[in-house]
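Asks: The following comprises the amino acid sequence and a computationally predicted model.
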Amino acid sequence: MSKITINPLTRTHGYFSVELEIRDGRVSDAKAGGLLFRGFEQMLRGRAPHDAVYLTQRICGICSSAHAITGAQALEDAYKIEVPYQGLLLRNLIYGADTLQNHLRFLYLLVVPDYISAPPGAPGGTPRRGDYRLPGPVQERIQQHYLEALETSAMAHKAVAVFGGKAPHLQTIVAGGVTEKITADKVYRFQSLLSHIDRFIREKLERDMEDISRYYEDYYAVGQGFGNLLSFGQYRIGAKSEGRVFPAGAVRFGQDMEILQPQLITREIARAWYRGREEPLAPLEEHSKPEPQKEAGYSWIQAPRYDGLPFEGGPLARLWLSGLYRNGISVMDRLVARVLEAKEVAARMNGWLRELVPGSQTINWLDPLPASGEGTGFTDSMRGPLAHWLQSENGRIAAYRIITPSGWNLSPRDGQGRRGPLEEALIDTPVADADNPVEAGRVIRSFDPCISCAVHVLQRDCTARFWQQI
Amino acid sequence: MLTRRKFLKLCLQTAAAASLSQLLLPDLAQALRLLPGGKPAVLWIEGTSCTGNTISLDNSADPALREVLEEIIDLRYSQLLMWPQGAEALQILYDTREKQRDNFILIVEGGIPLGMPEAVVIGRNDGLPLYAAELIPWLAEGARAVVAVGNCAAFGGPSKTIPNPTGTKGVWEVVSKTPVVNVPGCPAHPDWMVGTLVHLILYGLPELDEFRRPRLFFGELVHDLCPRRFAFFDGKFAQAPGGEGCLLKVGCKGPVTHADCPTRKFNDGVNWCINAGSPCIGCAAPDFPDGGTAPFFARLGDVHFPAGIRSTAVSVTKAVGAATALGIGSHLAAGYARRRLGKSGLPRVLRPRKDKDE
């Protein structure tokens, strides 16, 4: 038996470490630790509720629009603000373009280097050893597409900026709608960008992933994990935003889909670097404080659970729940689902674009907001379930809680010793060379890890003091 | 040969002008060939960061990231982009510091969590954690120059937001021996990052202001370059975000924020905040979001702070320097004198409201 640690685990958003125990050439145990802490929920306390939409985007530089939309939904829920239908369409278009940006960058910049050798100029150069199986010409083609993907993903962010003002960290999504106006020139500019990206996805991305999945077919049998899938639903549709393109729900391994019950969501800090109550807590119920020296801890990420169980989220969960893809749960299925989702989202975006009416109202602005309120925002970010919980008193934020997709996917063990979804998925992964565990890297990156989203802590006792001072 | 004068002119050209990369790259490639050592080695390290500046660099249009990587820099380390992992990745860091001493450029994204070093662990060496708070100053000490990209690296930014749970500081508050250039913004515009790098490589340190920002990109106020400034002078104010007219009353911090966003625009020049109907939130200003820029929708001067923060006047005066603040004050007051602003429209820039706990 040997123990290895991959740290830094590069090609992830934020710092991350994975510790593996190898027995007879296979992973027998795994620990995944998020190594980045900032404390956003502490920062939000006492601020103007509207500011949460801009500030929470700063949690993550690659999925900023997801936090913007979820934050805005939490405010709209708390203060009963209705978003005009055309504003909703703009949000879906911004979110869709950001999703395409994310999926392209994820697949080419973070995943492809696990399967092919580096083109000239690639940051850090080709790793000394790898498991490269593709024939020369195919590899060269994908290297070429790696470089083209740099430009195509920048184009997707340009499309975000057409209605978002700028990207990342866009400006136009606020509680009540979108501040940008719909004009014919913007609609056509967006359409032109979208058609370029769409062509890249259909002509290049799809073919590249087909080749990779053919030569690495064994990865359909690696990295299954618990097989519990969760989605909070994505892309609101319908005049009253009652529908979702990808429905919210949960699937326990091998069972039928269940309707999402938000009250079943809990979080635990048993193995995370926080001090406080260690039993499962409701999202806003919390007394934990950061404690980096905590002996039992190995991650800054807390352990979210649904009905007491670990669940994984992402494109595979969304496509499974909507019935679009149910081939299996594995490294390769996660990658394939991402490609299929990109195609599906691009097609939907063309439909939303056709529905836009220049000159329509896109925002219902409410300021000042009522003095107090309580609301939640639920959506799926690119890489899984994302929720914001907001409580305000005296016109300021009294409590804010964020549970992110990487919280679900990269969760550490809970109080009962149950592993997180990624940790479980790593079990049984074959590792040919303990000095160079490329196989484990492939399992880890199939989750599109984002440690920037690792979350944080809130001290209600301090909140009480804060209110006395006012 | 590409002269500094010609380069500065190229940098100032807006999106409407010919592509910067077409004009710049042939000259630049030639100039780099003449440099001893060719393309300089660059290490990109993150502290308390969201990786948004790496993503923003990926959005670079003219030159595109591909050209930056192929023609301008030898990017050896980047958590997000580099191909190797684990010990092999760390070895690249050590080798570059050792073999390229005083030649490589260190780019830092994210702040330095001095108050809680455990908040950012970059890797593990012989079983021991490498804290960003220790590794970054150590690398900086061997670098030719340090470029702090994004507001967190420059000034602490959102990572330093009160109550600053990780005790984050800006890079220049921690690094003393090596020159630091601040390229703030949340995120920094790719042109600001690439332009600063090219200037460093070819001509050395660019001209900096008192906050060590290149004057080239941060020399003027957003308000002074803003196309809606005419609405300001005409007294036409938007009553809600998304409305027509000057966005001052819905919280625009353009009058206290130095950056060339209005002429440069974002994402290949396609749009920018005020053009899209949302107020400037001062993301390039020192101490954003606490130096007087938040609440983002509160009018300048009506800005108030969470309890426990004593110096409200950090705000505008510290952020822009007393002289500039005076300048803005008189500028806005002049508008008032001409009865264009109306009494309620007068931003009390120089009279920030006092907190009740003071």
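Replies: That came through fine. Residues are numbered from 1 along each chain as shown, chains lettered A, B, ... in the order given.
Asks: I figured residue A:355 hits residue A:89, correct?
Replies: Yes: using CB atoms under 8 Å, residue A:355 makes contact with residue A:89 at a distance of 5.7 Å. In this view, the C-beta of every residue, glycine as well, is placed from N, C-alpha and C.
Asks: what about those two, which has more around it?
Replies: Neighbours per residue (other CB atoms under 10 Å in any protein chain shown) separate residue A:355 from residue A:89, with residue A:89 holding more: 26 against 12.
Asks: That one - that's part of a strand, no?
Replies: No: per DSSP: H, G, I helix; E, B strand; the rest coil, residue A:89 lies outside any strand segment and is helix.
Asks: which of the residues in the helix or strand hosting residue A:152 are buried?
Replies: Using DSSP states H and E, the element containing residue A:152 is helix A:136-164. Buried residues in helix A:136-164, counted by 16 or more other CB atoms under 10 Å in any protein chain shown: A:138-139, A:141-143, A:145-164.
Asks: same question, stretch A:213-220
Replies: For stretch A:213-220, by 16+ other CB under 10 Å, it's A:213, A:215-216, A:219-220.
Asks: Okay, strands next: where are they in the stretch 101-250 of chain A?
Replies: A:173-174, A:177-178, A:229-237, A:243-251 (DSSP state E, counting those that start in this stretch).
Asks: I should have written the stretch 351-470 of chain A there, sorry.
Replies: A:373-381, A:384-393, A:396-403.
Asks: The shortest one: partners in the sheet, and parallel or antiparallel?
Replies: Meaning strand A:396-403. Paired strands of strand A:396-403, with direction, are strand A:384-393 (antiparallel) (DSSP bridges).
Asks: Now the partner strand: average pLDDT?
Replies: Mean per-residue pLDDT for strand A:384-393: 96.
Asks: Any regions of the stretch 101-250 of chain A where pLDDT drops low?
Replies: Counting by pLDDT under 70, the stretch 101-250 of chain A contains no low-confidence range.
Asks: residue of the stretch 1-150 of chain B with the smallest distance to chain A?
Replies: Here the residue of the stretch 1-150 of chain B nearest chain A is residue B:52; by CB to the nearest CB that distance is 2.6 Å.
Asks: okay, the nearest residue to that residue once chain neighbours are set aside: pLDDT?
Replies: The shortest distance from residue B:52 to any non-neighbouring residue, by CB to CB, 6 or more residues apart in numbering or on different chains, is to residue A:61 (2.6 Å). On pLDDT, residue A:61 comes in at 91.
Asks: got the contact list for residue A:272?
Replies: Counting by CB atoms under 8 Å, 6 or more residues apart in numbering or on different chains, residue A:272 touches A:294, A:297, A:299-303, A:412.
Asks: could those go into a markdown table alongside distance to chain B?
Replies: Formatted as a markdown table, the contacts of residue A:272 follow (distance: CB to the nearest CB, whole Å):
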| residue | distance to chain B |
| --- | --- |
| A:294 | 10 |
| A:297 | 10 |
| A:299 | 11 |
| A:300 | 8 |
| A:301 | 13 |
| A:302 | 15 |
| A:303 | 19 |
| A:412 | 15 |
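Asks: Please tell me which one of those counts the most neighbours.
Replies: If you rank the contacts of residue A:272 by neighbour count (other CB under 10 Å), residue A:301 sits at the top with 31 neighbours.
Asks: In three-state terms, label that one for me.
Replies: The three-state label given to residue A:301 by three-state DSSP is coil.
Asks: End to end on stretch B:145-158, go ahead and measure it.
Replies: End-to-end distance for stretch B:145-158: 24 Å, by CA to CA, to the nearest Å.
Asks: Secondary structure of residue B:197: a helix, I assume?
Replies: Yes: Residue B:197 forms part of a helix when assessed by three-state DSSP.
Asks: In this model residue B:146 seems to touch it, though I could be wrong.
Replies: No: using CB under 8 Å as the test, residue B:197 is too far from residue B:146 to be in contact (11.8 Å).
Asks: Mutual contacts of these two, please.
Replies: B:105, B:107.
Asks: can you list the residues of the stretch 251-400 of chain A near chain B?
Replies: By CB under 8 Å from any CB of the partner chain, the part of the stretch 251-400 of chain A that sits against chain B consists of A:273, A:290, A:292-293, A:300, A:362-363, A:365, A:367, A:396.
Asks: Next, give me the two most distant ones among the residues you listed.
Replies: Within these, A:293 and A:362 form the most distant pair, 49.4 Å apart (CB to CB).
Asks: Helices along chain A, start to end?
Replies: A:40-44, A:51-55, A:64-79, A:85-104, A:136-164, A:184-200, A:206-215, A:315-321, A:331-355, A:405-409, A:421-426, A:438-445, A:460-469 (DSSP state H).
Asks: and the second one, average pLDDT?
Replies: Think helix A:51-55. For helix A:51-55, the mean per-residue pLDDT is 97.
Asks: mind listing what the residue of the stretch 301-450 of chain A found nearest chain B touches?
Replies: As assessed by CB to the nearest CB, chain B sits closest to residue A:365 within the stretch 301-450 of chain A, at 3.9 Å. By CB under 8 Å, 6+ apart, the contact set of residue A:365 is A:174, A:176-177, B:240-242.
Asks: show me what contacts the residue lying closest to residue A:154 once chain neighbours are set aside?
Replies: Once flanking residues are discounted, residue A:154 sits nearest to residue B:59: 4.6 Å by CB to CB, 6+ apart. For residue B:59, the contact set (CB under 8 Å, 6+ apart) comprises A:154, A:157-158, A:167, B:65, B:190, B:267-268.
Asks: Can you tell me which of the helices of chain A is packed in deepest?
Replies: Ranked by mean neighbour count under mean count of other CB atoms under 10 Å in any protein chain shown, these are led by helix A:405-409, which reaches a mean of 30.
Asks: If you count contacts, what does it end up packed against?
Replies: strand A:303-306, strand A:384-393, helix A:421-426 (3 or more CB pairs under 8 Å, 6 or more residues apart in numbering or on different chains; DSSP states H and E).
Asks: please redo it, this time with the cut-off set to 6 Å
Replies: strand A:384-393 (3 or more CB pairs under 6 Å, 6 or more residues apart in numbering or on different chains; DSSP states H and E).
Asks: what does the strand it packs on rub up against?
Replies: A:49, A:66, A:70-71, A:74, A:78, A:230, A:232, A:283-284, A:313-314, A:372-379, A:398-405, A:408-409 (CB atoms under 6 Å, 6 or more residues apart in numbering or on different chains).
Asks: circling back: of the contacts of residue A:365, just say which sits nearest to residue A:45.
Replies: residue A:174 (20.4 Å).
Asks: Which parts of chain B are strands?
Replies: Applying DSSP state E to chain B gives strands spanning B:41-46, B:74-78, B:105-109, B:112-113, B:121-125, B:128-131, B:145-149, B:168-169, B:180-183.
Asks: what angle sits between the fifth one and strand B:41-46?
Replies: Going back to what we said before, that points to strand B:121-125. 110 degrees (axes from the mean of the first three to the mean of the last three CA atoms, to 10 degrees).
Asks: in strand B:121-125, what's buried?
Replies: B:121-124.
Asks: So which elements touch it?
Replies: strand B:128-131.
Asks: Contacts made by the strand it packs on with the rest, please.
Replies: Under CB under 6 Å, 6+ apart, the answer for strand B:128-131 is B:117, B:121-123.
Asks: could I get these as CSV with pLDDT?
Replies: Shown next, in CSV, are the contacts of strand B:128-131 (pLDDT from 0 to 100):
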residue, pLDDT
B:117, 95
B:121, 93
B:122, 94
B:123, 92
